[in-house]
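Student: Fold the following and give me the result.
(one chain, ligands or ions: 1)
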Amino acid sequence: MAKAVIDLRSDTVTLPTPEMRRAIAEAELGDDVYGEDPSVLRLEAMAAERMGKEAALLVTSGTQGNLVGILSHTQRGDEVIVGDQSHILNYEVAGCAMVGGIQLRAVPNVDGMLNPADVQAAIRSADVHQPRTGAVCIENTHNRNGGAVLDAAQTHAIAAVAHAADIPVHLDGARIFNAAVALGVDVRTLTAEADSVTFCLSKGLAAPVGSLLCGTKSYIQIARKYRKILGGGMRQAGIIAAAGIVALNTMVDRLAEDHANARFLAEGLAELPGINLNPEKVCTDIVIFDVTAPQGATALIASFRERGLLCGQAGPNRIRMVTHYGIERADVERALQIARDVLVGTPVGAR
Ligand code: TLP
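Tutor: The predicted model follows:
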């Protein structure tokens, strides 16, 4: 049965599974700042193994993971190359500038991808006037580009340019498992060329809190200090890690269901007047579309909300809907019915 309120604002709204709640209740705990929380140590080992890296660090959020990740590659006054649609540039509150004294340099994102020639051109020289280029950041899947996926070859193309100039690559892999599931590949093929990767437990994987930053042992040692500076040393964090372990063990393969639901949603939405959307481009859990209806995105979102459908605004005339654990096909059908009611009108007697 469809729910009273269908919340498609984000996959961050997911609630923990019953198995996660049990694992939280029974978690073995210790003081993680002393490196003694067995559940955290287990999760970090699992994360490193899954990402094909030497070590991992549990952080509070994707935002903290990206900030700690970048700080650990750079020094104050560095410039970091990012996509102009990247989460780091658009949604992380200028943390790099504020905390790290780092300047972000944006190059265009097209379908989530950076053009290697643009990255090459943005790398600074040794000229005395120029900042040092401290890192290049990529994002997979790409949030503002409708959950677009970068494959291994695309990742390789960017990494090759960065590494040729001795510059590390940080991968914002908040939804890297969505990318791996969409492509049908081992996640390691997408992380192999990144020097560091952040991924999130609390989005489609449905754990309540936490992300992991992964990289070499020496890099993670540096990151541990930055995490402490940012207040991310969390003591009995096994409470969080226990749910994360369940997330990694049980929630990755089911992302395919979210992707199928997102595609179904996109196909239905694309048929409606006032929506400009190419469903073929929807390959993970994020659906973003332009609104051409005269009422505009803000009013449309309000009308959806009145009828029990929550979604997010992704730009002046753009709307984002995200499928996730807890959203079934029946909920998507109901969401489409609501969108139809608002955009086409409800036939008399149909309510
Ligand atoms: N994204 C959130 C919002 O911040 C927009 C969402 O609802 O999608 N990288 C990427 C690619 C992300 O999409 C997000 C979260 C993060 C990093 C930050 O993760 P958190 O929310 O854990 O700090």
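
Student: what mean pLDDT does stretch 225-238 have?
Tutor: The average pLDDT for stretch 225-238 rounds to 98.

Student: what about that stretch, how long is it end to end?
Tutor: 19 Å (C-alpha to C-alpha, to the nearest Å).

Student: Within the helices and strands, which one has Ile138?
Tutor: Here Ile138, judged by DSSP states H and E, is contained in strand 133-139.

Student: Can you give me the pLDDT of the residue in the stretch 151-300 of the chain that the ligand sits nearest to?
Tutor: The ligand sits closest to Ala174 of the stretch 151-300 of the chain, with a gap of 3.5 Å, by C-beta to the nearest ligand atom. Bear in mind the C-beta positions are built from the backbone N, C-alpha and C, glycine included. Looking at Ala174, its pLDDT reads 98.

Student: ditto for His170
Tutor: pLDDT, His170: 98.

Student: I'd say it and Glu193 touch.
Tutor: No. Under the criterion of C-beta atoms under 8 Å, His170 makes no contact with Glu193, lying 11.5 Å away.

Student: Who has more neighbours out of those two?
Tutor: Neighbours around His170 and Glu193, counted as other C-beta atoms under 10 Å, are more numerous at His170. The numbers are 29 against 18.

Student: mind saving the C-alpha coords of the strand holding Ile138 as CSV?
Tutor: Output of strand 133-139 as CSV, limited to C-alpha atoms (Å, rounded to 0.1, in the frame of the first residue of the first chain):
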residue,chain,number,x,y,z
THR,A,133,47.2,22.9,-7.4
GLY,A,134,46.7,20.6,-4.4
ALA,A,135,44.1,18.1,-5.6
VAL,A,136,41.6,17.3,-8.3
CYS,A,137,38.1,16.2,-7.1
ILE,A,138,35.6,14.1,-9.0
GLU,A,139,32.1,12.9,-8.0
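
Student: and the next element down the chain from that strand?
Tutor: Moving toward the C-terminus from strand 133-139, the next helix or strand (DSSP H and E) is helix 152-164.

Student: How about the residues of the stretch 101-250 of the chain by the ligand?
Tutor: With C-beta under 6 Å from any ligand atom as the criterion, the stretch 101-250 of the chain meets the ligand at residues Glu139, Asn143, Asp172, Ala174, Cys200, Ser202, Ser211.

Student: Stretch 296-315 spans what distance, first to last residue?
Tutor: By C-alpha to C-alpha, the extent of stretch 296-315 from end to end equals 11 Å.

Student: quick one: secondary structure of Lys53?
Tutor: What DSSP: H, G, I helix; E, B strand; the rest coil gives for Lys53 is coil.

Student: try His170
Tutor: strand.

Student: Okay, and the beta partners of it?
Tutor: Cys137, Ser196 (DSSP bridges).

Student: check contacts around it.
Tutor: 66, 69-70, 73, 135-138, 194-198 (C-beta atoms under 8 Å, 6 or more residues apart in numbering).

Student: I'd like to know how many residues surround the closest residue in space to Val93 that isn't next to it in sequence.
Tutor: Counting by C-beta to C-beta, 6 or more residues apart in numbering, Val93 lies nearest to Thr63, which is 7.6 Å off, once chain neighbours are set aside. With neighbours defined by other C-beta under 10 Å, the count for Thr63 comes to 21.

Student: try Leu272
Tutor: 16.

Student: How about Glu306?
Tutor: By the criterion of other C-beta under 10 Å, Glu306 has 10 neighbours.

Student: And for Arg305?
Tutor: 13.

Student: what's near enough to touch whichever residue of the chain sits closest to the ligand?
Tutor: The ligand sits closest to Gly62 of the chain, with a gap of 2.4 Å, by C-beta to the nearest ligand atom. Contact analysis of Gly62 by C-beta under 8 Å, 6+ apart lists His87, Asp172, Ala174, Thr198, Cys200, Lys203, Ser211.

Student: now with 7 Å?
Tutor: Counting by C-beta atoms under 7 Å, 6 or more residues apart in numbering, Gly62 touches Ala174, Thr198, Cys200, Ser211.

Student: ok now do the first one, which residues does it touch?
Tutor: Shown here is Ala174, whose contacts under the criterion C-beta under 7 Å, 6+ apart are Gly62, His87, Thr198, Phe199, Cys200, Lys203.

Student: Grab the two from the residues you listed that are most spread out in space.
Tutor: His87 and Phe199 (12.8 Å; C-beta to C-beta).

Student: Determine which member of those two has the greater number of neighbouring residues.
Tutor: Taking His87 and Phe199 together and counting by other C-beta under 10 Å, Phe199 has the greater number of neighbours (28 against 19).

Student: Look at that one and give its secondary structure.
Tutor: Applying three-state DSSP: Phe199 is strand.

Student: wait, isn't it in contact with Gly210?
Tutor: No. The pair Phe199 / Gly210 is not scored as a contact, 10.1 Å apart, by C-beta atoms under 7 Å.

Student: Go ahead and list the helix or strand containing the nearest residue to Arg124 once chain neighbours are set aside.
Tutor: Among residues not flanking Arg124 along the chain, Gln130 sits closest, at 4.2 Å (C-beta to C-beta, 6+ apart). For Gln130, there is no host helix or strand (DSSP H and E).

Student: pLDDT value on Gln130, please?
Tutor: 98.

Student: cool, Lys3 as well?
Tutor: 71.
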